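> Curious how this folds, go ahead:
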Amino acid sequence: MPTMPQNTQEFFNTLLPNGLTQSADKAREIDAIFCFKISGEGGGEWTVDLLSSPPSCKPGCDERAQCTIQVDNNEFLAMLMDSNQVMQLYFTGKLTVSGDSMLAMKLQNVFELAL
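As a prediction, the model looks like this:
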């Protein structure tokens, strides 16, 4: 069973960077730059750059992001626990995608790098 983060900060500041280090080739196959804007208590903004060598996850949103994901902190944690939540949240308007919306189909691949 995958290791679930205690919070969003742990996911973006520890788990995902570690996953990118351990699976850099797999990360680069995703071939995109994402910006995550997580609202609410414990949220924040991060850029996940899977084009760079090595791939990176850093605080703040890079203007080069090809896909921006906006979601509430609690909803984000629910997405990590159950990948089926992504589409449900999207269709109920709780998750918004801007930029290349087709890249959002790769979110589960991004999450798997950390979990």
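> correct me, but residue 57 touches residue 14?
No: applying CB atoms under 8 Å, one finds residue 57 not in contact with residue 14, separated by 9.6 Å. The C-beta positions use only the backbone N, C-alpha and C, and glycine is treated the same way.
> Counting neighbours, go ahead and name the busier of those two.
More crowded of residue 57 and residue 14, by other CB atoms under 10 Å: residue 57, with 25 against 14.
> Next one: the more buried one from residue 91, what distance?
27 Å (CB to CB, to the nearest Å).
> Spell out the residue ranges of the strands in the protein.
For the chain, the strands defined by DSSP state E cover 33-39, 44-49, 56-59, 67-72, 95-99.
> would you list those in JSON lines and tack on distance to residue 112 and mean pLDDT?
Shown next, in JSON lines, are the strands of the chain (distance: least, CB to CB, whole Å; pLDDT from 0 to 100):
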{"stretch": "strand 33-39", "distance to residue 112": "14", "mean pLDDT": "96"}
{"stretch": "strand 44-49", "distance to residue 112": "13", "mean pLDDT": "96"}
{"stretch": "strand 56-59", "distance to residue 112": "14", "mean pLDDT": "96"}
{"stretch": "strand 67-72", "distance to residue 112": "16", "mean pLDDT": "95"}
{"stretch": "strand 95-99", "distance to residue 112": "18", "mean pLDDT": "94"}
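> can you list those strands in JSON lines and add distance to residue 5?
Shown next, in JSON lines, are the strands of the chain (distance: least, CB to CB, whole Å):
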{"stretch": "strand 33-39", "distance to residue 5": "12"}
{"stretch": "strand 44-49", "distance to residue 5": "13"}
{"stretch": "strand 56-59", "distance to residue 5": "13"}
{"stretch": "strand 67-72", "distance to residue 5": "15"}
{"stretch": "strand 95-99", "distance to residue 5": "18"}
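> Now do stretch 56-70: distance from first to last residue.
19 Å (CA to CA, to the nearest Å).
> Pull out the buried residues from it.
Buried residues in stretch 56-70, defined by neighbour count with 16 or more other CB atoms under 10 Å: 56, 57, 61, 62, 65, 66, 67, 68, 69, 70.
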